[in-house]
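In: Have a look at this prediction, sequence included:
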Amino acid sequence: MSGSSYIHAFRKTAEPPRKRKGPPPVTVRLSQAEYDRLKHDAGVLTMAAYIRLTLFGEGEIAPHRKPYTRKATSPSAELAMIGKMLGGLGQSEIAANLAEIAKAARIGALPVTPDVEAEVRVACEAVQDMRTRLIEALGVQAR
């Protein structure tokens, strides 16, 4: 061994053992179904925060340094479906096509028969329905 490696070995053995800052963690074995239910029930909370809240209630939890929110993970199936729906809606150019139809009707280039008017109304209602469903799925307030 070289001189520096002796010094390193001495310092390593001379350092006092590191003390744990808090009490030891509690480990509980769960089945996959139990784990999945716990993760679902926790929602945006970390599982540790949810377990503390469930065991001790809101008033009895000691404040922790870190916030009680789970890190962003892959999107849920619902959010993935909403993303696909929004992508398809954007690629379909429905809004642009409806705007063109409205412009043509305004300048008189499109004969507005009752059939054409009914089809445009159905298309507008479909777009409005998609908007309403997306707002509900995302849980945001409609303007």
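Out: Great, that's in hand.

In: Show me how the record splits the chain into domains.
Out: Per automatic domain parsing, the domain ranges recorded for the chain read 22-71, 77-138.

In: now for the longest helix along the chain, which elements pack on it?
Out: Of all the segments of type helix in the chain, defined by DSSP state H, the longest one is helix 114-138. With contacts taken as 3 or more C-beta pairs under 8 Å, 6 or more residues apart in numbering; DSSP states H and E, helix 114-138 sits against helix 77-92, helix 94-107. In this view, the C-beta of every residue, glycine as well, is placed from N, C-alpha and C.

In: Generate CSV for the ones you listed, with mean pLDDT, distance to His40 and mean neighbour count as supplementary columns.
Out: Output for these, formatted as CSV (pLDDT from 0 to 100; distance: least, C-beta to C-beta, whole Å; neighbours: other C-beta atoms under 10 Å):
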stretch, mean pLDDT, distance to His40, mean neighbour count
helix 77-92, 76, 12, 11
helix 94-107, 82, 35, 12
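
In: out of those, nearest to Pro24?
Out: helix 77-92 (37.0 Å; C-beta to C-beta).

In: who touches the longest helix of the chain?
Out: 78, 82, 85-86, 89, 94-95, 98, 101-102, 110, 141-142 (C-beta atoms under 8 Å, 6 or more residues apart in numbering).

In: what about 10 Å?
Out: The contact list for helix 114-138, computed with C-beta atoms under 10 Å, 6 or more residues apart in numbering, reads 78-79, 81-82, 85-86, 89, 94-95, 97-98, 101-102, 105, 110, 112-113, 140-143.

In: what stretches of this structure score poorly on pLDDT?
Out: Residues of the chain that meet the criterion pLDDT under 70 lie in 1-18, 20, 58-75, 140-143.

In: TSV please, covering the helices and strands packed on helix 114-138 and showing distance to Pro25.
Out: Formatted as TSV, the helices and strands packed on helix 114-138 follow (distance: least, C-beta to C-beta, whole Å):
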stretch	distance to Pro25
helix 77-92	32
helix 94-107	53
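
In: how about those helices, which one is nearest Arg37?
Out: Evaluated with C-beta to C-beta, those place helix 77-92 nearest to Arg37, the distance being 16.7 Å.

In: any idea of the angle the closest one forms with helix 94-107?
Out: Orientation of helix 77-92 against helix 94-107 (axes from the mean of the first three to the mean of the last three C-alpha atoms, to 10 degrees) gives an angle of 40 degrees.
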